[in-house]
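[1] build me a model:
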Amino acid sequence: MASLGYQPPLFPELEGEVAVPSVQTHLRRCRRIWKRSSSRSQLQANKCRLPAPHYAPGQRVWLRAKDLPLKGAPPKLSPRFIGPFEIETVVNPCAVRLKLPPSLRVHPTFHVSQVKPVSTSPLSPPAPPPSPPMIIDNFPAWTVRRLLDVRRRGRGHQYLVDWEGYSPEERSWVPPNRILDASLIRDYHRDHPSVVGRPPGGVRRGGVLSRHVLSHGPTPPSSGRLVPLGLTFSTHLFAIYDQRLLLKPGISSLPAPVRCLPLRS
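    You can find the predicted model right below:
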């Protein structure tokens, strides 16, 4: 090469021996030191390493939540793991691909150090699977058992929702502007007159008429339409009008278009 003054080797690892004996001795000594240092570093690093569990497609695992863009509680109060999620494919012994809801907006392939298998025992039986959502006008809806509490947040309030078919740790805080049915809040304040906040003065736009649910799809609320159900319900439904799948009915996994609707007999 004109810039170097000589032709560099095509493969540096195949470079021939240097004719100067002192240089050869120095190179061999450096290689021995590098190999010895690498062996010591590998030995120390392997002391705290364990072989990865054997994963198979269909197995349920927990996902580490440290580097996930979750919204809600601060990192110190957030869960360390979320899920469980099902393994879709084992990419290689070091990586697995999970079946994640699109609302997470993360790549579904993770290193095995970021997941751990769901373990069960007689003292810790597996949790029952959550109830499947009801489908109303081609959109999923989850049942709300009751409102448990209310708290101040900024200039408004949030209500603690107890979900039907979910354990207590899945309870989540929902702002009132996502509740279309005024009677859901009014009933809570009627039973708890001394708590903070106050029930709304009237029915909001897009409320419920008799046994019909005003259902909102991807269109604006003004273009909603009445859908007769033909069934008798005595519970309230927390309707997620979004075609994306969700982690679970928790405040950290719910997208923006969230509404509460009642179904009464």
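[2] burial measure for the residue nearest to Arg64 when sequence neighbours are not counted, as a count.
    Among residues not flanking Arg64 along the chain, Gln114 sits closest, at 4.6 Å (CB to CB, 6 or more residues apart in numbering). Where C-beta positions appear, they are placed from N, C-alpha and C, glycine not excepted. Gln114 has 19 neighbouring residues, counting by other CB atoms under 10 Å.
[3] start the count at 772 instead of 1 going forward.
    Understood, numbering begins at 772; the last thing we discussed is Gln885.
[4] pLDDT wise, what is Gln885 at?
    Gln885 is assigned 94 on the pLDDT scale.
[5] tell me the phi and psi of it?
    The phi/psi pair for Gln885 (degrees, to the nearest 10) reads phi -90, psi 0.
[6] quick one, what contacts it?
    When contacts are counted by CB atoms under 8 Å, 6 or more residues apart in numbering, Gln885 touches 834-835, 838.
[7] tell me the one of these nearest Gly854?
    Nearest to Gly854 among the contacts of Gln885 is Leu834, at 4.9 Å by CB to CB.
[8] is that closest one in contact with Phe856, as I believe?
    Yes. With contact defined as CB atoms under 8 Å, Leu834 and Phe856 form a contacting pair (5.8 Å).
[9] give me the domain ranges for this structure.
    Listed domain ranges for the chain are 831-888, 905-1033 (source: automatic domain parsing).
[10] looking at the ones you listed, which has the lowest confidence?
    domain 905-1033 (a mean of 59).
[11] show me where the stretch 872-1021 of the chain has strands.
    880-882, 886-888, 905-907, 910-924, 927-934, 943-945, 983-986, 996-999, 1007-1011 (DSSP state E, counting those that start in this stretch).
[12] neighbouring strands of the first one in the sheet, and parallel or not?
    On the basis of DSSP bridges, the sheet neighbours of strand 880-882 come out as strand 866-869 (antiparallel).
[13] can you tell me the helix or strand for Gln813?
    Counting by DSSP states H and E, the element that carries Gln813 is helix 792-817.
[14] quick one on the thing from earlier: so what sits against both of Leu834 and Phe856?
    Contacts common to Leu834 and Phe856, judged by CB under 8 Å, 6+ apart, are Leu869.
[15] now render the contacts of Gln885 as TSV, adding neighbour count, distance to Pro792 and secondary structure.
    Formatted as TSV, the contacts of Gln885 follow (neighbours: other CB atoms under 10 Å; distance: CB to CB, whole Å; DSSP: H, G, I helix; E, B strand; the rest coil):
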residue	neighbour count	distance to Pro792	secondary structure
Leu834	21	58	strand
Arg835	17	55	strand
Asp838	9	53	coil
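[16] ok, those residues vs Ala898, which is closest?
    Comparing the contacts of Gln885 against Ala898 with CB to CB picks out Leu834 as the nearest, at 16.0 Å.
[17] now that closest one: closest residue in space that isn't a chain neighbour?
    Gly854 is the one closest to Leu834 (CB to CB, 6+ apart), at 4.9 Å.
[18] how many other residues sit next to the one you found?
    Neighbour tally, Gly854, other CB under 10 Å: 19.
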